[in-house]
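**Q** from the sequence below, what's the structure:
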Amino acid sequence: MARRAHVNHIAKHMAAIDKLECGVFGHSPKEALRFALITSLIAWTVMIDGRPEAMMGANTKSLIEGSGRPWLLMTDVAHRHAVTLLRLGKIYTEAMHSQYSYLQNWVHADNDKAIRWLSRLGFVVGAVEVIRGQPMRPFSKVRLDV
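**A** Residues are numbered from 1 along each chain as shown. Alright, predicted model coming up:
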């Protein structure tokens, strides 16, 4: 489970590409984590060697459409644990789909690791669109039993 106490460590050590993604949407790393945490129905922290190194969850995009906005912000330490994060990602994506039939958000076009990870989790990653001067790609996933 994600906790507010985890925010400072992750924000302070956040990977550069994740910081860039926060900035595209007008947030500092700490602001992005705090906002995501307080607006999410479900959120988790990934602990590595006893330290919070990643936080993920999903907040509501539209109640009417049953859509949620999945998010994941990590430190460089978490980026080095891609295989474990992929396994966890499958579990957490399923949990997000228990709340939302449709998941959609944006990823920076230069975030190759995240794009590969999303693709392996079954998300469709769209073409590049420029948002606030940065190349971003939409990603989405529909729950199959809908």
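
**Q** least confident secondary structure element in this protein?
**A** None of the helices or strands of the chain scores lower by mean pLDDT, DSSP states H and E than helix 82-99, at a mean of 88.

**Q** got the contact list for that helix?
**A** With contacts defined as Cβ atoms under 8 Å, 6 or more residues apart in numbering, helix 82-99 is touched by 41-42, 44, 46, 54, 56-58, 68, 70, 74, 78, 103, 113, 117, 120-122, 141, 143. All C-beta atoms are positioned from the backbone trio N, CA, C, and that covers glycine.

**Q** let's see which of those residues end up in strands.
**A** Counting by DSSP state E, the part of the contacts of helix 82-99 found in strands is 41-42, 44, 46, 54, 56-58, 68, 70, 74, 103, 141.

**Q** same list, those, but as JSON lines with distance to E129 and neighbour count please.
**A** As requested, the ones in strands among the contacts of helix 82-99 are exported to JSON lines (distance: Cβ to Cβ, whole Å; neighbours: other Cβ atoms under 10 Å):
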{"residue": "L41", "distance to E129": "27", "neighbour count": "13"}
{"residue": "I42", "distance to E129": "27", "neighbour count": "18"}
{"residue": "W44", "distance to E129": "29", "neighbour count": "19"}
{"residue": "V46", "distance to E129": "29", "neighbour count": "23"}
{"residue": "A54", "distance to E129": "26", "neighbour count": "25"}
{"residue": "M56", "distance to E129": "23", "neighbour count": "24"}
{"residue": "G57", "distance to E129": "24", "neighbour count": "24"}
{"residue": "A58", "distance to E129": "21", "neighbour count": "26"}
{"residue": "G68", "distance to E129": "20", "neighbour count": "25"}
{"residue": "P70", "distance to E129": "18", "neighbour count": "27"}
{"residue": "M74", "distance to E129": "23", "neighbour count": "24"}
{"residue": "L103", "distance to E129": "18", "neighbour count": "23"}
{"residue": "K141", "distance to E129": "18", "neighbour count": "19"}
